[in-house]
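>>> sequence and predicted model, in that order:
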Amino acid sequence: MENTSAFDCELKLCMAVGLECAVMWLLAFFCNVGAFAYPLLALLQLGLVVATLVHPAGRLVGYSREEAPLKGSRLVLLTLISFVLCAVVTTFAQAVYFRYFDGGFFASQFLAAVDTLLPGNMVAQKEMLVASLDLLANPSTAAKALLSTNLQFAIIGTLPCALIALVRNKKHK
């Protein structure tokens, strides 16, 4: 029974860390949207992205020191579970934003930025970006695309976060 209780505690930790990271990802997303009007928000977005790699590592290391030692593959698995939960929650919130609140603001601002940044001879690239932004018009297609992107970020973010946690865990011993 002790293993079940330890697993339950670890699962609750993953859920808490995943939700905390989802809040950071959503704040970063809204900083991205707001950066069209206030460019300094892009710096805050960058800080939040870095924080989503460091924060879960700190939480997992703290749990490992206080409750039960976490090592290697177990630490990577818990980090992956946290990030996948984060990706799912973030996708849901982003889909709600694009469906009910955006009204084409993000796409129009993004296209305006592309028009100013890309030279005029890159017409094919601009058309490809316009076609990809048309995905946001269909909620189910947008949700699938957002989920795919967020899961990719989750998988990519798992390894650095787990490595940070492993290094910090070893320094403590």
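Noted; the coordinates are in hand.
>>> list the buried ones in the host helix or strand of Leu85?
Assigned by DSSP states H and E, Leu85 belongs to helix 72-96. Of the residues in helix 72-96, 75-76, 78-91, 93-95 count as buried by neighbour count, 16 or more other C-beta atoms under 10 Å. Every residue, glycine included, has its C-beta placed from N, CA and C.
>>> Phe153 touches Ala87, doesn't it?
Yes. Using C-beta atoms under 8 Å, Phe153 is in contact with Ala87, at 6.8 Å.
>>> read off the pLDDT value for Trp25.
On pLDDT, Trp25 comes in at 94.
>>> quick check: next helix or strand after the host helix or strand of it?
Using DSSP H and E, Trp25 sits in helix 2-34. Once the chain leaves helix 2-34, the next helix or strand it forms, by DSSP H and E, is helix 41-66.
>>> need the contact list for Leu11.
Residues near Leu11 by C-beta atoms under 8 Å, 6 or more residues apart in numbering: Ile81.
>>> counting contacts, what elements does the helix or strand harbouring Leu133 pack onto?
Using DSSP H and E, Leu133 maps to helix 123-133. With contacts taken as 3 or more C-beta pairs under 8 Å, 6 or more residues apart in numbering; DSSP states H and E, helix 123-133 sits against helix 105-117.
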